[in-house]
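>>> Mind folding the following:
(3 chains)
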Amino acid sequence: MSFLLRRLSFYFTAFLLAISFNFLLPRMMPGDPVDALFAAAQGKIDPAAMDAIREMYGFVDGNIFQQYIAYMQSVFTLDLGPSVLMFPVQVTDVLAMALPWTMFLALGSLIVALILGVGIGTYASYRREGLFGQVVPPVLAFISNFPYVVTALLLFYFFGLKLELLPLAYTYNPDVDPGLSLEFIGSVLKHAILPMGSMILVGIATWVFNMRNAMINVLGEDYVTMAQAKGLSSFRVMYRYAGRNAILPVATAIAMAIGFSFAGSIMTEIVFNYQGLGNILLKGIMARDYPLIQAILLILVSAVLTANFIADLLYVWLDPRISK
Amino acid sequence: MHSKKILASLVCGLLISAGGAMAEDIKQGGTLTVPIINTGFVENFNPYTSGDLTHGVIFEPLMVFNAMTGKTEWRLAESADYSDDLKTITLKIRDGLKWSDGQPLTSKDVAFSYELSKEAAAFDLKGIWPAGNLKSIKTPDATTIVFELNTPDSTLLWDLAAYHIVPEHIWGKEKNLTTFMNVNPVGSGPMTTVKYVKSQQMQLCRNDNYYLPNRPYIDCITYRSYNDNSQIQPALMKGEIDWGSNFIADIENTYVKADPANNHFWYPANDAIHLYVNTKEAPFDDLNVRKALSMALNRADIVDIAAFGYPTVNYNAGGIAELYKPYISKEMTAKYKDLTQYDPKKSNQLLDQGGYKDLDGDGFRDMPNGEPIEFDIEVVNGWTDWIQVVQMVTEYYEEIGIKANVKTVDWAVYDKNLKNSGYKMSINWSMVATNPIQAYQEYFLTDRAGQSFHGGHGVHSPEIDQLINSFGLTKDPMKQQAILDELQEFTAANLPFIPLFSNPTWYQYNTSKFVGWPSEENPYVRPVWYDGGTRNLILNNLHLK
Amino acid sequence: MNNLTASDANPSVPHHESEFKQKCRAAWKKSKAFFHGNPPGIIGGFLITMILLGALFAPVLTTHNPDKRVARPHVAPNAEHIMGTTRSGRDVYSQVLHGARKTLSVALFAGIIATVIAVAVGVTSGYFGGKIDEWMNFITNVFLVFPQLPLLIVLAAFLGQVGSALIAVLLGITSWPWGARVIRSQTMAIRSKEFIISAEVMGESKLRIILVEILPNLISIVFGGFLGTVIYAMGAEAGLGILGLGDATEVSWGSMLYWAQTSSSLYTGAWWEMIVPASALALTGGALALLNMSIDQVSNPKLKTGPHLKLWKKLNKEADKRRGLV
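Okay, here's the model as predicted:
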């Protein structure tokens, strides 16, 4: 138990550091939301009204220490105030609109990449002298290491624009009413193919290699040779005996991957005009919408920390020796 | 019930402009789709915080100053008159006006709508209250509103038109106006019924209590949310949008070519774009240097290459351009026409005469005292069209031996430098307003320096202040034009900024469903979606084919 | 840059003629062994060599000034402009070669910064253990849980015009923790090995142990991590570029993508403006990954049999000889 407590206290400290940095970031930079608003209106707002608008958004200069206390309070009470970009809507409401889509994209692509990657990796390690094991991993390594944006752009161009096979924007067709209808779900899936596909392409190689390396280590062990000698089918050997043991190190890598997946989702969403956090983050940055930017960074940090903690729990569960 | 004559003439006027169709021929119905660049829609119909989605649609303006025709289009109001001392404005609204919920719209509502911006200072867009210009608002009867001013000012009426007229019986009950979301909007505009609001799309439908019979002809308007122009381009090409107001790359080969019979565009001139020069710094304190820098530019090529040829070249050195065409002094333009002609020879000559020669042999001119001349031209990071313009400008300056660099800066830096004269040269727009005098106020008024983007060049004088301020003291158009002529002469003679071109008004329209669009053949209004007034006029004109 | 090509082209600087020849021969042999029967390594190495040569000799190979308008906007690829021109009339071929210099130097610089920090933190932490380890591990973990890319986007946006040097530094100081973690655990594994313990018993200084005994054993991990960071940094530079957060007036692959995006080149049919820099990025990323994979196989002989096993055994023997174990 002391292990988990130690981890928890670490996560809490890391969280405090992260949100403090989050607080300082916008305050170190030039420009404020009202200036940005002024830019959008091409300078047609009266300066006196600008001061009033500044006050309306709650951007009144105060003691930085008081600001910090107020900020911490808002974080822990989840009362993040109104967004500037979508005033007077609360930041939490804006996030509620966008977060599900990002989670869908990030976790969905992670899961698909994981399943595909583990399957391919296991098979590739088993057939490492064969054509599959020799050709597929390097090809995947090659494709997977295209930068996020580039993969997204290439897919966007060929499948969306040239072949006109798939939609170029939105999370679903705006003419369809959201709900539990077949039409809506179909529309959501159709709109997710390209962004998710690009994220899967980028993510898959990690799993193939993690799994393959782990497998190759395991395949050398005695019990695998034993099982093979007993004449068990290669599929059984591969997935029941070797695979189960090889997945342990892979499991720990998943926690890190969740963070990367959320980050990757940002670039992908922007290229495919997918209405998730990434899109809103970029818009928020343009509008200097500090409450919104801070909230999004807060969510990303929380996601990574939570994923890490789950990985720790998994560790304890899989290998009870650690908790001592 | 209503002065029928006015109504008849108004309807007639609009019909003629819509292409001469008879009232019986006009088909009712249809849904118009327009793009909105935002992060998604929320149920917020407070016109002051919902980002320019509702003015002219849910909220009818009092009047619209139509810069294209130079006329005042009366909407809720039917007249507005200044007293002889220019200290009172008497505004008359139409008889029998109704809100969309059936309640009467009276002078009380109008007065309330202006008092509102006194209470909620963030709504006081034009600063009519803190400036102390407006003293009081009175409502002697149900259709008359009297604005009393502290000092005579014939320009205040233009500012009044920017405010939203809202129902007192709804808004009067609200405590916190800035966070009021007005979820079930009651208005007086053509489209007041909210059909649905989804984050990617929303729909507004007709107001059955609209004050003009049979208007609007169309039933509904759909707003679609887009990320940016690059997303709107394919949507326009596929015919998903009827009315675009966005930059579309290579429009002839993309949009028009997709459906030549129905896809059209018209790009009339908008605000004039200048290179602002800081005349307090050497070598720009020398008028001849400014002249040389102006004559070194081939404006036609800049417009053609850096901006797809869409802007209108501006050869007027007097500070105003196409947008204010009726006010441009022809005499002055002819007198100073050399200043804006591409003439590198003359530029070189002027610089040689001023003693700006290449002393250190690096291929660029130096100050007579040997200091090298090198300066940055500031542009905002991400404003790609202007970055390309400035890149071309630096190429032309290199031809006459002047070393200039493109410097992309963050908005906050750009904003500060423009206001506080922190630049040597900076590209910026000029004021778009009802009358050019407002542009000159921004350029030259001494007390606007430090606040205005356009006054950082450093050319100010008490005489010019007085000249500009005398404009509001008269309502005689002849006298006003004389003032404008003098200001143009002053600008051209001092050249505090180098004119480049007029930005285009981005406007694409699709005629497969709807007709009645403003166009080059039928320019009844400058087609600006992002202006409640003009949007209102166009919405009243569109109808099914 | 030398690091990358050390194995196939550039020998180290000679001291004596004969020694130089010997070294040459040794390097040649090593690289031959590395590439022998290793198609991914061959392909990766070849592509990277070509790209590096292209970047290195950009001024000679290019036909036009990448910063100047040299033709009409959006001219399709032809004999004069083999990859067409951009919206502002610049030669895409010349831009992509010059862009390679900027992009690759940003990526390599970021990789070097990240690797130096990762090695310093990882080795110190792993070797000394105890309180030092605890603290360093804490810092590493804090950096690790911070979302890098969003943070970079926000930082770059708030800093305004971000030049390529600053981007490299930002990337470098945010992307070291993963490498530090791997190096730390590897160091911990090595430090309990006999040869380290014997060196400690013999009274060698800690610095010497780290530099002479530990670091050489980490080379493949460090180099692998370095390549990984370079790939990541390149992608991040491109990402920041296309969002308009880089310096659009510099010529890099990221800024090329940005201009292609803002001029809607894909919609106007001028695909070359977008596809050329995108392909350059894709090829470089892929080639680096292949190289990285090959190094992985050489350093972890279990991953592959055949020639690599032989090479590994030989290297191992040499290492043992150096340590005086044989």
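>>> Can you list phi and psi of B:Tyr82 for me?
phi -90, psi 140 (degrees, to the nearest 10).
>>> so it makes contact with B:Thr155?
No - counting by CB atoms under 8 Å, B:Tyr82 does not reach B:Thr155; the two are 10.4 Å apart. No exception for glycine: its C-beta is placed from N, CA and C like everyone else's.
>>> Check which helix or strand the residue lying closest to C:Phe109 once chain neighbours are set aside maps to.
Closest residue to C:Phe109 apart from its sequence neighbours, by CB to CB, 6 or more residues apart in numbering or on different chains: C:Ala168 at 4.1 Å. In the assignment (DSSP states H and E), C:Ala168 maps to helix C:164-174.
>>> just A:Asn22 next, same as before
Assessed by DSSP H and E, A:Asn22 sits inside helix A:2-28.
>>> Does chain C have contacts with that helix?
Yes - Helix A:2-28 reaches chain C (CB under 8 Å from any CB of the partner chain) through A:10-11, A:13-14, A:17-18, A:21, A:25-26, A:28.
>>> So which of these is the closest to chain C?
Nearest to chain C, judged by CB to the nearest CB, of these is A:Ala14 at 4.8 Å.
>>> Quickly note the distance from C:Ala287 to chain A.
8 Å (CB to the nearest CB, to the nearest Å).
>>> my guess is B:Asp360 meets B:Glu371, correct?
No - assessed by CB under 8 Å, B:Asp360 is found out of contact with B:Glu371, at 9.8 Å.
>>> Remind me what the helix or strand where B:Gln349 lies packs against, helices and strands.
Assigned by DSSP H and E, B:Gln349 falls within helix B:344-353. The contact analysis (3 or more CB pairs under 8 Å, 6 or more residues apart in numbering or on different chains; DSSP states H and E) places helix B:344-353 against helix B:287-295.
>>> After the helix it packs on, heading C-terminal, what element do we hit next?
Per DSSP H and E, the helix or strand that comes after helix B:287-295 is helix B:299-301.
>>> residues making contact with the helix or strand following that following helix?
Remark: after helix B:299-301, the chain's next helix or strand is strand B:312-313, criterion DSSP H and E. For strand B:312-313, the surrounding residues in contact (CB atoms under 8 Å, 6 or more residues apart in numbering or on different chains) are B:269, B:299-300, B:303, B:321-322, B:501-502, B:504.
>>> Adding neighbour count and distance to B:Pro190, write those out as a markdown table.
Output for the contacts of strand B:312-313, formatted as a markdown table (neighbours: other CB atoms under 10 Å in any protein chain shown; distance: CB to CB, whole Å):
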| residue | neighbour count | distance to B:Pro190 |
| --- | --- | --- |
| B:Ala269 | 20 | 28 |
| B:Arg299 | 21 | 41 |
| B:Ala300 | 13 | 41 |
| B:Val303 | 22 | 37 |
| B:Ala321 | 28 | 32 |
| B:Glu322 | 20 | 30 |
| B:Phe501 | 24 | 35 |
| B:Ser502 | 27 | 30 |
| B:Pro504 | 21 | 27 |
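>>> all helices for the stretch 401-545 of chain B, in order.
B:411-419, B:436-444, B:462-470, B:477-494, B:532-539 (DSSP state H, counting those that start in this stretch).
>>> Same list, those helices, but as a markdown table with distance to A:Leu4 and mean neighbour count please.
As requested, the helices of the stretch 401-545 of chain B are arranged in a markdown table below (distance: least, CB to CB, whole Å; neighbours: other CB atoms under 10 Å in any protein chain shown):
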| stretch | distance to A:Leu4 | mean neighbour count |
| --- | --- | --- |
| helix B:411-419 | 46 | 20 |
| helix B:436-444 | 64 | 24 |
| helix B:462-470 | 73 | 14 |
| helix B:477-494 | 74 | 18 |
| helix B:532-539 | 60 | 24 |
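>>> Tell me which of these lies nearest to chain A.
Using CB to the nearest CB, the helices of the stretch 401-545 of chain B put helix B:411-419 closest to chain A, at 2.8 Å.
>>> Can I get the closest one in PDB, CA atoms only?
Taking C-alpha atoms only, helix B:411-419 is exported to PDB below (Å, rounded to 0.1, in the frame of the first residue of the first chain):
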ATOM      1  CA  TRP B 411      -0.800  41.000 -32.500                       C
ATOM      2  CA  ALA B 412      -0.200  42.400 -29.000                       C
ATOM      3  CA  VAL B 413       3.200  43.800 -30.100                       C
ATOM      4  CA  TYR B 414       1.800  45.200 -33.400                       C
ATOM      5  CA  ASP B 415      -1.100  46.800 -31.600                       C
ATOM      6  CA  LYS B 416       1.100  48.500 -29.100                       C
ATOM      7  CA  ASN B 417       3.600  49.700 -31.700                       C
ATOM      8  CA  LEU B 418       0.900  51.100 -33.900                       C
ATOM      9  CA  LYS B 419      -0.600  53.100 -31.100                       C
END
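>>> that older thread, and the residues of helix A:2-28 next to chain C as JSON lines, adding pLDDT and distance to A:Gly179?
As requested, these are exported to JSON lines (pLDDT from 0 to 100; distance: CB to CB, whole Å):
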{"residue": "A:Phe10", "pLDDT": "82", "distance to A:Gly179": "43"}
{"residue": "A:Tyr11", "pLDDT": "84", "distance to A:Gly179": "38"}
{"residue": "A:Thr13", "pLDDT": "86", "distance to A:Gly179": "44"}
{"residue": "A:Ala14", "pLDDT": "83", "distance to A:Gly179": "40"}
{"residue": "A:Leu17", "pLDDT": "85", "distance to A:Gly179": "42"}
{"residue": "A:Ala18", "pLDDT": "81", "distance to A:Gly179": "37"}
{"residue": "A:Phe21", "pLDDT": "81", "distance to A:Gly179": "41"}
{"residue": "A:Leu25", "pLDDT": "75", "distance to A:Gly179": "39"}
{"residue": "A:Pro26", "pLDDT": "71", "distance to A:Gly179": "38"}
{"residue": "A:Met28", "pLDDT": "69", "distance to A:Gly179": "45"}
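>>> which residues are in contact with the helix holding C:Ala168?
C:102, C:105-107, C:109-114, C:117, C:143, C:146, C:148, C:151-152, C:155-156, C:159, C:162, C:229, C:232-233, C:236-237, C:240, C:246-247, C:250, C:252.
>>> Which among those residues count as buried?
Buried subset of the contacts of helix C:164-174 (neighbour count, 16 or more other CB atoms under 10 Å in any protein chain shown): C:102, C:105-107, C:109-114, C:117, C:143, C:146, C:148, C:151-152, C:155-156, C:159, C:162, C:229, C:232-233, C:236-237, C:240, C:246-247, C:250, C:252.
>>> residue ranges of the strands in the stretch 1-150 of chain B, please?
Under the criterion DSSP state E, counting those that start in this stretch, the stretch 1-150 of chain B contains strands at B:31-37, B:63-66, B:71-74, B:77-82, B:88-93, B:134-141, B:144-149.
>>> What are the buried residues along the helix ranked longest in chain C?
Across chain C, the longest stretch assigned as helix under DSSP state H is helix C:92-128. Within helix C:92-128, the residues that qualify as buried are C:92-115, C:117-119, C:121-127, counting by 16+ other CB under 10 Å.
>>> what's that helix packed up against?
helix C:39-56, helix C:58-61, helix C:130-145, helix C:164-174, helix C:177-191, helix C:215-242, helix C:253-262, helix C:271-299.
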